[in-house]
Structures are given as C-alpha cells and as structure tokens.
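> Quick one, fold the following:
(2 chains)
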2 protein chains.
Amino acid sequence: MSLHPVLNAQSVAVIGASKDVTKRGFQTINTLLEDKYAGKIYPVNPKEKSILGLPCYAKVTDIKDPVDLALIATPARTIPAVLEDCGQKKIKGAVILAGGFGETGRDGRKLEEELLRIAHKNRIRLIGPNTSGMINLQENMNLVGIRNAPKGDIALLAQSGNMALTLITEASVKSHKGFSYYVGVGNETDIKFHEYLEFFREDPNTRAILMYVEGMREGRAFLEQAYKTTLEKPIILLKSGRSSTGKKSAGSHTGALAGISEVARGAFLRAGIIVIENSDELFPVAETLSSLPPIKTNTVAILADGGGHATIAADILTDLGIDIPELGEKTQQQLKEILPAAASVVNPVDVAGGTDADPTIFAQCADILLKDSRIGGVLLVGLFGGYGIRFAASLRFLEEDAAHRMGKLVKKRTKPIVVHSLFNSAKPHPLELLRYYGIPVYDSLEIAATCTAVLAHYGNYLKKYHPKDSFVMNWHSHRKAAGSKIIANARAERRAALLEPEAKQLLEIQGAPVLPDRVAKTADEALAIAKEMESAVVLKIVSPDILHKSDAGGVRTGLKREPDIRKAFKQIIDNAHRFNPAADIRGILVSPMAKSGVEVIIGTKYDDQFGPVIMYGLGGIMVEIIKDVAFRVLPLTLSGARKLINETQSHPILDGARGTAPADKKALQKLLVLCSELIESYPEIAEMDLNPVIVHEKGLSIVDARMILKEEE
Amino acid sequence: MSLHPVLNAQSVAVIGASKDVTKRGFQTINTLLEDKYAGKIYPVNPKEKSILGLPCYAKVTDIKDPVDLALIATPARTIPAVLEDCGQKKIKGAVILAGGFGETGRDGRKLEEELLRIAHKNRIRLIGPNTSGMINLQENMNLVGIRNAPKGDIALLAQSGNMALTLITEASVKSHKGFSYYVGVGNETDIKFHEYLEFFREDPNTRAILMYVEGMREGRAFLEQAYKTTLEKPIILLKSGRSSTGKKSAGSHTGALAGISEVARGAFLRAGIIVIENSDELFPVAETLSSLPPIKTNTVAILADGGGHATIAADILTDLGIDIPELGEKTQQQLKEILPAAASVVNPVDVAGGTDADPTIFAQCADILLKDSRIGGVLLVGLFGGYGIRFAASLRFLEEDAAHRMGKLVKKRTKPIVVHSLFNSAKPHPLELLRYYGIPVYDSLEIAATCTAVLAHYGNYLKKYHPKDSFVMNWHSHRKAAGSKIIANARAERRAALLEPEAKQLLEIQGAPVLPDRVAKTADEALAIAKEMESAVVLKIVSPDILHKSDAGGVRTGLKREPDIRKAFKQIIDNAHRFNPAADIRGILVSPMAKSGVEVIIGTKYDDQFGPVIMYGLGGIMVEIIKDVAFRVLPLTLSGARKLINETQSHPILDGARGTAPADKKALQKLLVLCSELIESYPEIAEMDLNPVIVHEKGLSIVDARMILKEEE
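The predicted model follows:
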C-alpha cells in the first residue's frame, strides 16, 4: 500500500487529546491550528467536550467523516485497544508516540508484535512506536510540535527525535534550505526505511533525502530501494552506533538490530548513498547536494584570497580523493590579466590582494575557472562577503554584484561553486544572495571543502553507475540437480554441514576448478589413489562429527612414500577415534599437494541486516595479524570481484612480490563470482569457507572447503 | 635576547606612516589610538608633518626618545636601508609586513638573507617579513588592524593572517575566551617558533598556546621547547600542507620548508602537543584546555536527554580512545533515585524525560557522576540551555540554577564538564553562565566530544610524562677512537659511504652483535674463512664503487661446497668488473648464513625539519607492499624503542605467528637504542640502513649494513 494517505493525510484524529498545555495531546492540536493545517482535526478524549475550540470525541468510531491518520498520544499498554478502534473506523495510518516496546526488553517486544498483528489485520500502516512523530511541511501537518521548522525540499528520516531537532534547528539558523517531510521512524515496527525511501523517491517536493540511522531491520530491501533512488535523488546518511558503547546506547534507544555491521558502509556506498561520519556535515551536505549540480570530472579549483585557507582546503580535498589539477594555459593567461603579479594562477588560485579594491574580480575568476574544461567546480575560500565589513563599507555593493554573477554562472555552466567565508556568522547580504542562488556558504573550511568533495563523489557515482550491479539475489538461478542431491543427502542424515568432499563436489558442479581428490576407505585404497596422482599427497579425515580436522589431528601433508602414507592413514584414524570415540568416520580424503602460489581465503555468511555477504582476504599473516579482509554484499559481478580484491591493503602481493610471478587474478575473480552464484543457487547454505585457496600463476586450487547448512525450518 | 622588549614594546615607530585610510601605515596608528595603546607612537614619513594629530618624523633617527619597536610598512626593497636606520636608533625589534622575500624565489631569498645580516649586526629582532603583524592584547598594542579581537589568555601563533583572522572571529562570535597575544610569524627569518614558545611559556597572562603552522625552520629546537612548555601550558597545533598541493600552496605562501614530514605528527605528540587535524576544532580545543582541568583517568560519563546524541557522543569518544565505563553501583543507585524508571543509569546516562520538568536534575546528575572515582569528567549532550525555549519559559531559571551549580562543581571536584547544546546558537542565558564558569558550550557534538577527549589526552600525557625522554642529542656521547678511525679512513679516501665490513665493524665497536665475517682477497682465502664457519656462507662484493651489491651481481648466498664457493667467488669478481670496469675491488666478504627469524629493517636519516630520525619496520612484504613502517625523532630510549616497534601494524608477528617462536624483542629494542647512540656519537653519518636484520628467538643478526657519510664541510 502506498504511504500517500499516511504521509499526506487529509484528516487527523488526535487520540489522547488534552487541555494540559504540557501534553503532546494539546501541543499537537495547537500546532496544527497555528500552522493552519488545511485538513480536518478530530480531538479524541472521552473526558473532554471540546479542545481548543474543536469538538472532542469519546472514541474515533464516534467521528462521522472518514479519517486518514491517527496520532496516538496514549501510553503503550492502551494502544492495542486504540488500534482496534482505528481499524473499525478504517483509519489508514497511525503515528504511535509512546515508548515502552521492543527497546525495553521481552515484554515490550511482545506488545510490539501485538501492535503489528492488529495493524496488519486492520490494514493500518504504523509510524513508530517510540517516535517523536512526523511532519508534512507542504501541508502544514506538524505532528511533532517542533516550531518554525523551515520548509524546503529535503526529506528527513531519523531514528532520534533529538537528532531531528538538531538538524531542523541547524537548517533554520544556518541555511536557506528546509524540509519537505520529517519522519521519526521509531522502532520501524511496520513501515520500514525502504518504504519511506520509495515514497520520497516519488515525491515531487523532495530533492534529497537525509537520514540518521542507528539500526535497520531490512537492510537488503533498503539497499535495493536506495540503489534505485540515488540515481534520481541523493541520499545522505549518518549511521551511528559504531562503537560498542554506541551500539549499546542505540540498542536501548531504538530497540532495532543496532550497531553498524562491517559490511554496511561499503554496501551503502555501492548503492550510491553519501555516507557521512561527522554529524556536523550531515545537514550541509544535504543542503549542497539538493542545491547544486554534481561535479562530473572529480576536479576542483580552489579560489582564495589568502594562503592559509588555500592550503587547508587543498589538504582536505586531497584527503577526500579530489584532484586539484593545474589550470590550462589559457586559463592561467586570463587570470594573469586580471590579477596582480604576486597572484598564484596555478591551483589553488590566490588572488594576493587582487580583490581588495574590487571583489567582483572573484566572479571574473570563477567565470574563467568554470570555463576551463579541466575544472568541474570551484571552492571559494576566505573573506568573501566580508569585504564590506573588513575593508570599506562600499565594497559590499561590489560583493553583491559578484554574488549575482556567481549565482548565474552556476546555472549557465551547470558546475557548482561552494563558498567558505569567515564572515558567515555576521550574515552579510552578499552571502544571503549567494544562498538565494543555491550556493551554500559555510564558516567552516572543513565543511565547505567536504561539501565540494561530496558533489564530486556523487558525480563519480552517477558516472560510474552500472545497471548490471544489483542487490537482488536470483535465488536458485544456477542450481543443479546434482547439487540439490548433495544437500538433500546431508539433510537426510540430519547433518549441519557438508563433508569436505561434498563441499568440493558442489563447487565442481557449479564449475569451480577442484583438485582431483577422492575418499579412501582403507590404506590400500589411499595408496592406489596416491599413485595415480603424480605429486605428494595430503590425507584428511572425512567425518560429519569432525568439523575442524586439524584440531583432531586429522590432516597429514606432503606424503610421497608408501610407508609414510600407510603410517599417516593409521595415525589419522587413531587420532579421530581418540578425538571423538563416537565419530562416524567416512574415510580419508586423498588430495594432491597444491602447487605454490598466493594463499587467499574466501568466506560467505548471512549478515543480520543485509543478508548474504562475502568476505575475501589474503591468507596467512595478512589475515591472522593484520586482519586485512574486505566484505561485500552479494550478489557479486566480475567487476565487483575485482573491486573486492583491490579493497584489501595487501592486494599488490597478487601482482607478484619479491620477484615471484603474478597470480591469476582472473581465475580468482571468477571463483568469487562463482561463490556468489553458489550462495544464490543454494539458499540452504548458511556459511561457506574456502580456506585456503592457492592462486597460481595460472589457475588456482581450492585446498579446503567447508559449508554449513541453515537450520531446517 | 628575551623577546620582552619586542612583544611588550613601550614605544612603536610606524615606518611608512600614511594619511591614506586604505594604507596599513594609517590603519595601524588609528587602531593604536582608538585602542588606547599606553605606549608612545612615532609616525615616520619624510613627506608628512603630522598624522592623526601625532608629529611625524622623516627618519627614525630623528626621534629623540628611545624606541622599542618599529612597524615597517614600506615595500620589500626599501627595508635594508630602513633596518640600518633602526639599528642606528638602537631599536630592539621590527615587525616587517612586506612580502616579496624567500617565498618568491631566489632574489627574494637573497634579500631576506640581507635583512637577517643587518638585523644581527644591529641586534634587532625581526618578526616577519611576510606577516600580517602582531597584537599584544594586554597592552592594546594592535599592529594588525583586526578590530574587536577579544582579550584573554590564549596566545596565538600563526603562519597565515587569514587563519588568525578566522580564529579571532570565531573566538569573538562563539566563545567568552580571547587572546593574550597574536603573532604572525611570517617567514620566521629571525625569531623562530621556539623563541615565541619560550616567551609564552614564561608569560603570566598566557594559559594556552594555539598554533597554525605550515612549515618550520628549526623543528628540533621547537620540540625541545615544546617539551618543556607542555608540562605547564597546553600547546594546540594545526599543521597544514599534508597533501602535495597543500605543500605547494604552503611553499608559495610562507617560503618556509613546507609540508608535513612523516615524523612531525609523532614528534609533536611526544612533546605533549595537542595535534589537531580539523581546523574547526582548533579554537574550541584551545578554549577548553585553557579553561578546564584535564581528565586524569581517561574516563568520561556521557549525560544525555536523548538517545541519538548519546549514541553519537559514545562513538566519537570511543574513536578517540576514551573509556566510557559502567558506573559504580552506588552511583547507579543515586541516579535511580532522582531519575524516572525508563532512564538509563549505566553510561551513557539518558535521563529519559527526567529533566523535562526540572533541569536542575542535570546538576544533580553531574554531581553524582563526578563523585564517582571511576569518572574523570562529564560530557553533557542535548538540549540543556534550551528548556526555557523548547518547553516552558520558566524552566530557564532552573537551568540558570543548574548552570551555577555545575560551574561550582567543576572547581570543587577539579574534574571538567563540557557541554553540547543544540540551542547554543540562540545564546540563552544559562549557557552564558556556564561559559562564565569556564565550561565551554558547543552546538557541534563532534566538537564537544573532541574537546572532552582532548582533556583526557592532555591528562594522559601529563601522567605519563617521562623526564628521561628527550629531544636533545648528546653528540659524541658514546664515540670510540676505533670508530673515529674507520670514518677518518673513509674520509681520507674521499669516500661518501663506509664499506659493508666497515659499517659492521663500527656497529660492533658500539656494542652490536655482529656476525663473524671477514674479507677474502682470493678464493683460497674465502674457502679458508668459510671452513671456520660451521654453516653455509654468503659471499658479497666489497667495493667503494658498488653501493648496491645485488644490482651488480655481487651477492651469492647459501654456499657450502668448495666448488660452489670457488665458482661464486669468480662470478662475483667477473660481475663486478662487468658492472663497473673501473671499480676498486677490495675483496669479498664471507659471512655465515644467518639463522632463521623475523626480518626487520632499521634506517636513520636527517629530516629537514627535525634532524636525526629513525625508521623501523618489519621486512619483506610488510615493508614492500604495506609500507608498514614507523618513524621517531632521535634520541631513543628503551621504552621509546618499544613504542616504536609497537607502532607498526604488523608488530604481533614478533610475538610468534603461525606457531613460530616469539622473536627476541629485547635484543631488537637494544639494537634500536644502539643505533640512536651511534648516530649521536658519529654526527658524520648522514644515513644508515640495516636491512635486513634477522631477529631470532634469542638474539639477532645484522645481515647487511650501509652507512652514508655527510658531505664534508
């Protein structure tokens, strides 16, 4: 069901309406009246006749006309009954303010499930519970009571009322921008982040979506929706709860599956989301992205009237991966013509006093810079806007002229200008003018530079967007009958894992290159198999009761001579019996020793929030000591596999270190994609571990494979 | 000479005084008069009779009374003559505003050297050139013309006039704090950073020192002075010019040896300096450190009236290494007594509405928290100061009461409280009160949390300060006659490097464990030496003309049998002749093969800004691929060596990875200290490379050693 009747409700029943000015049941009605909400307002309270001049109803079912939305301001325990009433009245949505649900523990969780059941049954969509409410600023439907929230084109989705209040305050104090909607998602009991996202993607009044997230219930659906949305509208997201204390705090706060998962950041970025780490940047970045065209070339020119600011800006942009290229010769020539000899016309451009008497020179410089095809945008840093304050009052008019010209320039060239001014807090008129044209101004260099960089990050994303990339799993897509049989067999034996030979077989069935190993029941059989192999062999125990073979003394490597193989066979069997006298021993796997190469590990698992993910890393010391691994949400394409490999710090080892030949990265990429397909094809597999895989100069060897099955439902 | 007569001048001559209101020669006099500078002001300009009512002199030598300081506002080329005049007048200091010196290239550099020569001759101390000037706010001596700079106890040293203006503007707009001095150090031609530091260390009006640095001429002297200063007063420093573009920008800006060296950050931290990366944090951190007692326990309690802020604050503090411990049982009990049941009394403390009707509860909570010995300070986040705005106007008085109580609490417990308030921009009175008590308030959570963390970082430093640590080199301290002879011998042969056997000998003389290797002139000699060694041997060419032995085919390893040794000997000689037919071959070094162990590398060099530094890293892939090395300014103590080793990401390898025995870290630490002493003892050595050193389970082997000598003067 579309969220339209909920978020754009034409009539609101306030359940728990009150005459007490300190109560939400009073404040909400008061705000709706003061803000001139055009829809109908129905106070509901059995004890009152009228509130603020509106007739009051004992129950929602007493209201004659249809009602779109209920704001429920009563305590947690009363809400199931209230919701049943709403259902009878065919109310389409409810905002539930009260806390006291999943975030408080087991009893609360039960009550929350009860709400959801009643809501489903009655086809009521729920916002919250445990929320500060929602505001539709287009229709003056303010169900929160935050006063003077500025209207605009940014939709705000937040899991903290205080963070919403912070962002709304910041917007009204420091910018010309505002909000189309605010929704406090609360416990995400019914309506989930991705549904709000879909609504805002389609909403014509919304140009950017700002999110404060502590936890997420359906991360995969969110990624899918975000992936569609970011092509049209930027999403700016801060996810808190990184630290263990932060996680605990978030858990007690939202009751959601809290805490940032190690895959979240990468997955968000892949979906085109602008991920913010510093809460000071959250609103400015949304302001910038909703106002200015993205930078298409990843290049920025810094325009400064002083060296210190230029240096700091260059550092920040460089740290954020933005190029600050030298300017074209023609550009330099043109700048020289209007700037004094002492000016730096390379990049950063330092006007060196050239604007002291005439700040319109800034507009001329910006014009010259944006004409240069090497330059994707301009970051102006320093005193602009304050020349009328710092030098001579009359300069203000020239600054105003410059502001008009820069504003028009941005439209003409569809390239952005972002401004840092240390006079921003004095609110001079030229800076107001810039904001009128959608050019944001910050008194923080850090923030101005970050916003500029983010315009390039978003531009890069749009340019590199690949329609083949996807967050949608094609379940069973490459499934084979033989593979199903292996799993069915393990299930029939009530096993929680595949045996190593089974796991390898399954990999082979899916097309992976697997060493020609076989299971021997006796030492003679092992010898016969070893003879066929022309290299030394490895013997490994095969038992459903021994998952970690080495720990049980169940592995012997580098065996060549007959007596060694016999001895090893016996030892392994003895060790296994000693390790677990009841172990069901299926035999011993005889494998050829793998050729040398680079050791890597590949793993898959199901993430609580994002579902199937893959882990990749270089083996040995890199994994054990440096923990140098990379994660990615499945499914994986070949180019995704390449990126995954390159995300590890030690990846150059694959290109050949210390004179060794380069490893077969193509084969490794293929294997990663195959792992992705395998997980898609056999949803029964909960976890897979290929450790190690040896990548040779040509091809690779999967030395060990472990697959754990999901519990049967 | 003390800087007292310069920075506290009782009389100022303004050379280049002017009647033109746009000129510094006018503005400065005007500002001095308006600010009521108590000293004498002497305008100097041959063309004017009087300026702003003051008699004007043709030359400084025409002034009858003594003059402490000259502000020189004339162009670069005129300044040598002006300085000679100042010398004649026995003026003690000069502030030179003009640019056009070292920062512009060779000619400018020459002119700058000329200035310094004249200044030295005449015993004039110089501030600048290429500076916006200096302000002594205690004495209203404002030689910059920035209006309304707030007075206070922070000394500001900056290499950018605009950054100074930014910080001064920020202070006046956002805080109650201000400055004791501002000095624009400019090109550091004469007075260097460390001299200003010494002055501010002794200045009774200065409680903290704030620095913006792009480059530094005498880093070592700065470190020594900072190391003394930070015990008494905090130094807060932002060094820009990290990126290559930033470096270029800084170079063209200050003309200093620009750019951050890889050792700078570590060295600054070791000297107790608070190093800031984000310019938004620069002033707030100085404000906090100059106002509040440091945190002694590295523990902070977060006190919040909403979950979102608490979560973000917890994340930031954790990222910055601060503990957020659970509260003691008694503390929890006391909090429970005054907070509602829904409140979280662990840490973060969330009052959960408990302050809505009475914000003095915040002061009660803070009191309970600071009484807990586990807690070193409190970070209050959320709406405090805005209860009178957001809820009911009368709550403002309760907030004021709370502010008074928290202010007194900080003094009583000598533990800090830092406040984040999203209502800060509304400037409510309760927040003004907090500032009156020295409690800083920020509308940025990021900044409030960072300031809190920095109080703990500074507290940690003071606690862990070790008087044995030092930045002073004891030149020649462990020098031996035999070592001097080796160097003298190389010098006599006009060699730029020691031969490998010489370098190893020198290490042995200083007490390093060296493998018993010897130089053979013939294959027979090599064989005889090899026989004495009971292991396989390595043969290496010894020639002053072959520095990189492997590149010249001059190394053969793992030789055991006679024919192999003979063959290798011949090949090496042949290769050397082929590599460089004119090479002077001194023989072939025969060394035993080193036992197995962990490969590390040690290097030393002279850093442009900080002098002798040491580099340490794990060898092989770690250095080649991951560039996992750590740097440290010499000299090094044993505990410094331990820290250096632990700074590398891969250091756990030394503790034994994949079942190998742990390496002898003690021996490695000793060798690092020995390297430090060696560099102290033989200042002739410009660079040293021990690569590899193999660290065994017991002891270590220096497999190769290279030492390059400084050019003779």
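
> For residue A:219, see how far away the residue nearest the centre of chain A is.
The centroid of chain A falls nearest to residue A:268 when counting by C-alpha atoms, centre = their mean (2.4 Å). Residue A:268 is 9 Å from residue A:219, where distance means C-beta to C-beta, to the nearest Å. (Glycine included, C-beta is placed from N, CA and C.)

> How about residue A:591?
Distance from residue A:591 to residue A:219, by C-beta to C-beta: 38 Å.

> try residue A:336
Using C-beta to C-beta, residue A:336 is found at 54 Å from residue A:219.

> who's more crowded, the two?
Just comparing residue A:336 and residue A:219: by other C-beta atoms under 10 Å in any protein chain shown the higher neighbour count belongs to residue A:219, 26 against 12.

> and that one, how far is that from chain B?
Counting by C-beta to the nearest C-beta, to the nearest Å, the gap from residue A:219 to chain B is 18 Å.

> List phi and psi for that residue.
Reported as degrees, to the nearest 10, the phi and psi values for residue A:219 are phi -60, psi -40.

> shouldn't it be in contact with residue A:612?
No - contact between residue A:219 and residue A:612 fails when scored by C-beta atoms under 8 Å: they sit 11.3 Å apart.

> Run through the residues that contact whatever residue of the stretch 101-250 of chain A ends up closest to chain B.
The nearest approach of the stretch 101-250 of chain A to chain B comes at residue A:160, 2.4 Å away (C-beta to the nearest C-beta). Residues counted as contacts of residue A:160 (C-beta atoms under 8 Å, 6 or more residues apart in numbering or on different chains) are A:184, A:212, A:214, A:253-254, B:306-309, B:311.

> which SSE is residue A:316 in?
Take DSSP states H and E as the rule and residue A:316 turns out to sit in helix A:307-319.

> which residues are in contact with that helix?
Residues outside helix A:307-319 that contact it (C-beta under 8 Å, 6+ apart): A:300, A:302, A:304, A:324, A:348, A:350, A:379, A:381-382, A:420, A:445-446, A:448-450, A:452-453, B:158-163, B:166, B:212, B:214, B:240-246, B:249-250, B:252-254, B:279.

> need the residues of the stretch 151-300 of chain A near chain B, please.
A:158-163, A:165-166, A:169-170, A:173-174, A:212, A:214, A:240-246, A:248-250, A:252-254, A:278-280 (C-beta under 8 Å from any C-beta of the partner chain).

> List the neighbouring strands of the host helix or strand of residue A:14 plus their orientation.
Per DSSP H and E: residue A:14 is located in strand A:11-15. Sheet pairing here is set by DSSP bridges, and for strand A:11-15 it gives strand A:40-44 (parallel), strand A:69-72 (parallel).

> lowest confidence element among the helices and strands of chain A?
The least trusted helix or strand in chain A, going by mean pLDDT, DSSP states H and E, turns out to be helix A:244-254, with a mean of 64.

> List of residues touching the helix or strand following that one?
Remark: after helix A:244-254, the chain's next helix or strand is helix A:264-270, criterion DSSP H and E. Contact with helix A:264-270 is made by A:219, A:223, A:226-227, A:237, A:239, A:275, A:469, A:471, A:609-610, A:630-633, A:647, as judged by C-beta under 8 Å, 6+ apart.

> which helices and strands does the helix or strand just after helix A:264-270 pack with?
Next along the chain after helix A:264-270, taking DSSP H and E as the criterion, comes strand A:274-276. Applying 3 or more C-beta pairs under 8 Å, 6 or more residues apart in numbering or on different chains; DSSP states H and E, one finds that strand A:274-276 makes contact with strand A:235-239, helix A:264-270, helix A:282-291, helix A:445-464.

> Save the ones you listed as a markdown table, and put in mean pLDDT too.
As requested, the helices and strands packed on strand A:274-276 are exported to a markdown table (pLDDT from 0 to 100):
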| stretch | mean pLDDT |
| --- | --- |
| strand A:235-239 | 96 |
| helix A:264-270 | 91 |
| helix A:282-291 | 98 |
| helix A:445-464 | 97 |
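
> Adding distance to residue A:517, write these out as JSON lines.
Shown next, in JSON lines, are these (distance: least, C-beta to C-beta, whole Å):
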{"stretch": "strand A:235-239", "distance to residue A:517": "44"}
{"stretch": "helix A:264-270", "distance to residue A:517": "35"}
{"stretch": "helix A:282-291", "distance to residue A:517": "54"}
{"stretch": "helix A:445-464", "distance to residue A:517": "42"}
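
> Tell me which of those sits most buried.
Most buried of the helices and strands packed on strand A:274-276, by mean neighbour count (mean count of other C-beta atoms under 10 Å in any protein chain shown): helix A:282-291, with a mean of 27.

> Which residues does it contact?
Helix A:282-291 has contacts (C-beta under 8 Å, 6+ apart) with A:152-154, A:167, A:170-171, A:174-175, A:177, A:207-208, A:210, A:212, A:234, A:236, A:238, A:274, A:276, A:416, A:418, A:438-440, A:442, A:447, A:450-452, A:454-455, A:458.

> Can I get it in CSV, CA atoms only?
Extracted C-alpha coordinates of helix A:282-291, given in CSV (Å, rounded to 0.1, in the frame of the first residue of the first chain):
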residue,chain,number,x,y,z
LEU,A,282,25.1,15.9,7.7
PHE,A,283,22.9,18.9,7.0
PRO,A,284,25.4,20.9,5.0
VAL,A,285,26.0,18.0,2.6
ALA,A,286,22.2,17.6,2.1
GLU,A,287,21.9,21.3,1.6
THR,A,288,24.7,21.3,-1.0
LEU,A,289,23.5,18.2,-2.9
SER,A,290,19.9,19.4,-3.0
SER,A,291,21.0,22.8,-4.4
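
> Toward the C-terminus, what is the element adjacent to it?
Once helix A:282-291 ends, the next helix or strand along the chain (criterion: DSSP H and E) is strand A:301-304.
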